[in-house]
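K.L.:
Predicted coordinates and the sequence they were generated for:
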Amino acid sequence: MASVRLVRVRKVFHTPRGEVTAVDDVSLEVRDGEFLVLLGPSGCGKTTTLRMIAGLETPTRGEIYIGDRLVNNLHPKDRDVAMVFQNYALYPHMRVRDIIAFPLKIRKYPREEIDRRVREVAELLKIEHLLDRRPRELSGGEQQRVALGRAIVRRPQVFLMDEPLSNLDAKLRVVMRAELKRLQKSLGVTTIYVTHDQVEAMTMADRIAVMNKGRVVQLGTPRELFARPANTFVAGFIGSPPMNMIECSLDPGRGLLDCGVLKYPLDPNTGSLLQSRGVIEVILGIRPQHVRIQKGEVPDSVARVPVYVVEPMGTETIVNFKLGETMLKAVVPADVEVEAGEVWSIVFPRERVYIFDKKSGELVA
Amino acid sequence: MFLLPSLALLVGIGLAPFFYVLILSFHRYRLTWSDRPWEFVGLDNYRYVMNWERFWDAAWNTIVFAVGTTLLSFAVGFALALFLSQRFRGRGILRALVIIPLLIPPVSVGLMWRFILHPLLGLVPWIIKSVTGVTVSFFETPAMAMFSLILIDAWEWFPFMFLVLLAGLESLPREPYEAAYVDGANRYQIFRHITLPLMRPVIAVAVLLKFLISLKVYDIIYTVTTGGPGTATETLSYLIYRQTFAYFWVDRGSAMALVYEYLIILFAVLFVKYALVKARAG
Ligand SMILES: Nc1ncnc2c1ncn2[C@@H]1O[C@H](COP(=O)(O)OP(=O)(O)OP(=O)(O)O)[C@@H](O)[C@H]1O
Ligand SMILES: [Mg+2]
């Protein structure tokens, strides 16, 4: 087992139409045995980062260490990593059995051990009935599980997994999520896992590195990221439904944030903090789960507005209010009876409110 | 209706000569007998050919030659294609150099090598003699003559193999290679488990084509050994040519040509059936 360390890694692709910076100055330390998730939107550089760790791309700048060893100039075969490719990259001419066995076969494992391990892996991934097929005779989700099988059949220093569950149906994905997590913990293999599914990230990760436009914008445990998002990007990416973001401006005279229909009174400390930093235009963030609503009038309400749309979700209900241009969502228990058109009071519990600088997007308070 | 003229043309050009030869093969006829009518003799010509040792010797020579030159040109062409499919400086120039033999007309190739290997005037025997002191004669014994022919033909044809196989190599998908690197395969293992199986259909086609072309060899034999020493390097094409146009036994020549044609078609069918179908199935 080993840690993985990226030091100011950058990757620029030269294309006929100019340069593309896929990964921009990423520094990251993945601890020995840790399950680290790279989370970010499409095109943010997740696959490129993984391919550099695997040795399939050379960093334009920066260093990559596996354990204590600088691996920048090491061939992929000498890095002892196993990878699940986003496009599967199965061997088109082999049967599933031989594809999964391949990493063991070339390491000259004894026949019986190969057979045993292939059987175990196939059972775990529920593909025992597919062992004699070739890749082109498999569905996308089946191919993906074979790709996963080829990686976990071995005990490498590091697992690199590029959206390994993206093509499975919802039910199987939940099962596999748990199985993978359990397997990783029992083997203790350092794992870097790429996904753009925040639920997958939250449920599986020891720590999450959120990426945007080639950079790591925040690194932390799922709990930390949820509780203290460093900026509007992370705040909007993690949590479902996404955090409400309301544009406001500071009114120092009245000690409140003026958000059009909605007025949010600041506590004096926050007010002076904003003033001292010269931050006037802000974004007020609050998660839908934390918005309180009351039918009657309440002294500390930030607004009284009519309900716009009600979306029952089964165990809970999403209530939408229209505040000028933006929509405010509140999640309430299913037994609260709300009708569109009724006027409700909205309350923002003070400890649940995030205030971001509108210009930089960074969390201020 | 509109097809009729073109169909007639097709039959005229394509099939008429075939039927002419077919009919001829059941008659007794020599080119020098222009005033005598054709005499129907049934299967006599075929019987003669089938019992004629020289025909079977030529058939054997043809196969030895075809197998030899196919294997040799494939081995050299594939090795070069593997080498020149890698990325390095000067690759383009080397690729261009490799193709040169393909551009020389076969007759010139034959004559050129006949001089290069000539026992008295040739460069190669002279070099071998100066270095090792041994006198090598490239056309004297039957075995050496056949070996030399195979060498010369393979020299002419390895660029063809090279081009076909290089095109095949360059069109292979990249993903299986990346997966194999990460899985820890070394160069030999990648060649053995990835490149070779993925290249099988291309290899099958290239080898089949070259083999069938080699069965028809004529020009090299004519320019280099004229079938000699004796009839040791006489191939079927060359034997048929000699019978028909040197000795004017057109009837026997026709019979041989047809037997020969069936043999080639048989080979082609067998090959397509086994090599290609199996290659596709992986
Ligand atoms: N070989 C390449 N040549 C040029 N540009 C590339 C290459 N590979 C990736 N890129 C660019 O680099 C950026 C990052 O790509 P990457 O594949 O790492 O994204 P990703 O985060 O994995 O996205 P997704 O979630 O869609 O898989 C993209 O803008 C992409 O267009
Ligand atoms: Mg990707």
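P.N.:
Structure received. Everything numeric in this text was worked out from a predicted model, so none of it was measured. Numbers count the residues shown, from 1 in each chain, chains lettered A, B, ... in the order given. Ligands and ions are numbered 1, 2, ... in the order given.
K.L.:
can I see the domain layout of chain A?
P.N.:
When chain A is parsed with automatic domain parsing, its domains come out as A:4-232, A:244-357.
K.L.:
for the shortest one, the distance to its chain's centre please.
P.N.:
Going by C-alpha atoms, centre = their mean, to the nearest Å, the spacing between the C-alpha centre of domain A:244-357 and its chain's C-alpha centre is 26 Å.
K.L.:
So what's the residue count around whatever residue of the stretch 101-250 of chain B ends up closest to ligand 1?
P.N.:
For the stretch 101-250 of chain B and ligand 1, the shortest gap (C-beta to the nearest ligand atom) falls at B:R174, measuring 10.7 Å. No exception for glycine: its C-beta is placed from N, CA and C like everyone else's. B:R174 has 9 neighbouring residues, counting by other C-beta atoms under 10 Å in any protein chain shown.
K.L.:
same deal with the one 5 residues further on?
P.N.:
Here the count is done by other C-beta under 10 Å, and B:A179 has 27 residues near it.
K.L.:
ok, now how distant is it from ligand 2?
P.N.:
16 Å (C-beta to the ion, to the nearest Å).
K.L.:
would you say that residue is within a strand?
P.N.:
No: with DSSP: H, G, I helix; E, B strand; the rest coil as the criterion, B:A179 is located in helix rather than a strand.
K.L.:
could you say what helices and strands the lowest-mean-pLDDT helix or strand in chain A packs with?
P.N.:
The helix or strand of chain A with the poorest confidence is helix A:268-277; it has a mean of 88 (mean pLDDT, DSSP states H and E). The contact analysis (3 or more C-beta pairs under 8 Å, 6 or more residues apart in numbering or on different chains; DSSP states H and E) places helix A:268-277 against strand A:244-251, strand A:354-357.
K.L.:
What pairs with the helix or strand following that helix, parallel or antiparallel?
P.N.:
Of the helices and strands lying after helix A:268-277 in sequence (DSSP states H and E), the nearest is strand A:281-286. Strand A:281-286 has its sheet partners listed here by DSSP bridges as strand A:244-251 (antiparallel), strand A:354-357 (antiparallel).
K.L.:
mind checking the longest helix of chain B?
P.N.:
Longest helix of chain B, by residue count under DSSP state H: helix B:53-84.
K.L.:
Which other helices and strands does that helix contact?
P.N.:
With contacts defined as 3+ C-beta pairs under 8 Å, 6+ apart, the packing partners of helix B:53-84 are helix B:91-103, helix B:142-170, helix B:196-215, helix B:236-241, helix B:250-271.
K.L.:
Ok, which of the strands paired with strand A:281-286 comes nearest ligand 1?
P.N.:
With C-beta to the nearest ligand atom as the measure, strand A:244-251 is the member of the strands paired with strand A:281-286 nearest ligand 1 (23.3 Å).
K.L.:
low-scoring stretches of the stretch 151-282 of chain B, by residue?
P.N.:
B:275-282 (pLDDT under 70).
K.L.:
Is B:H118 in contact with B:S137, as I believe?
P.N.:
No: assessed by C-beta atoms under 8 Å, B:H118 is found out of contact with B:S137, at 9.8 Å.
K.L.:
any shared contact partners between the two?
P.N.:
Residues touching both B:H118 and B:S137 by C-beta atoms under 8 Å, 6 or more residues apart in numbering or on different chains: B:P125.
K.L.:
Identify the residues contacting the spatially most central residue of chain B.
P.N.:
Centroid check for chain B by C-alpha atoms, centre = their mean gives B:S214 as the closest residue, at 1.2 Å. By C-beta under 8 Å, 6+ apart, the contact list for B:S214 reads B:65-66, B:69-70, B:153, B:157.
K.L.:
For ligand 2, what is the nearest residue in the stretch 1-150 of chain B?
P.N.:
At 25.1 Å from ligand 2, B:R87 is the closest residue in the stretch 1-150 of chain B, using C-beta to the ion.
K.L.:
quick revisit: reformat the helices and strands packed on helix A:268-277 as a markdown table; add mean pLDDT, distance to A:E337 and mean neighbour count.
P.N.:
Formatted as a markdown table, the helices and strands packed on helix A:268-277 follow (pLDDT from 0 to 100; distance: least, C-beta to C-beta, whole Å; neighbours: other C-beta atoms under 10 Å in any protein chain shown):
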| stretch | mean pLDDT | distance to A:E337 | mean neighbour count |
| --- | --- | --- | --- |
| strand A:244-251 | 92 | 22 | 18 |
| strand A:354-357 | 94 | 30 | 22 |
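K.L.:
Phi first, then psi, for A:L180.
P.N.:
Backbone torsions for A:L180, taken as degrees, to the nearest 10, come to phi -60, psi -40.
K.L.:
what's around it, how many residues?
P.N.:
A:L180, neighbours per other C-beta under 10 Å, totals 23.
K.L.:
cool, and A:N320?
P.N.:
Neighbour count for A:N320, taken as other C-beta under 10 Å: 16.
K.L.:
Where does it fall, secondary structure wise?
P.N.:
Here A:N320 is covered by strand A:316-323, with elements defined by DSSP H and E.
K.L.:
and the angle from the helix or strand that comes right after that strand to strand A:244-251?
P.N.:
Moving toward the C-terminus from strand A:316-323, the next helix or strand (DSSP H and E) is strand A:326-333. Calculated by axes from the mean of the first three to the mean of the last three C-alpha atoms, to 10 degrees, strand A:326-333 forms an angle of 120 degrees with strand A:244-251.
K.L.:
what's next to strand A:326-333, contact-wise?
P.N.:
Contacts for strand A:326-333 (C-beta under 8 Å, 6+ apart): A:241, A:244-247, A:262, A:288-289, A:291-293, A:308, A:315-322, A:338, A:346.
K.L.:
Just the buried subset of these, please.
P.N.:
Among those, those buried by neighbour count (16 or more other C-beta atoms under 10 Å in any protein chain shown) are A:244-246, A:262, A:288, A:291-293, A:316-321, A:338, A:346.
K.L.:
Could you single out the nearest of those residues to ligand 2?
P.N.:
Closest approach between the buried ones among the contacts of strand A:326-333 and ligand 2, by C-beta to the ion: A:M245, at 26.8 Å.
K.L.:
who's in contact with the closest one?
P.N.:
So A:M245 contacts A:232, A:235-236, A:283-285, A:326, A:356 (C-beta under 8 Å, 6+ apart).
K.L.:
measure the residue of the stretch 101-250 of chain B closest to ligand 1 to A:I106 for me?
P.N.:
Distance of B:R174 to A:I106, given as C-beta to C-beta, to the nearest Å: 19 Å.
K.L.:
and if you look at B:L163?
P.N.:
Separation of B:L163 from A:I106 (C-beta to C-beta): 31 Å.
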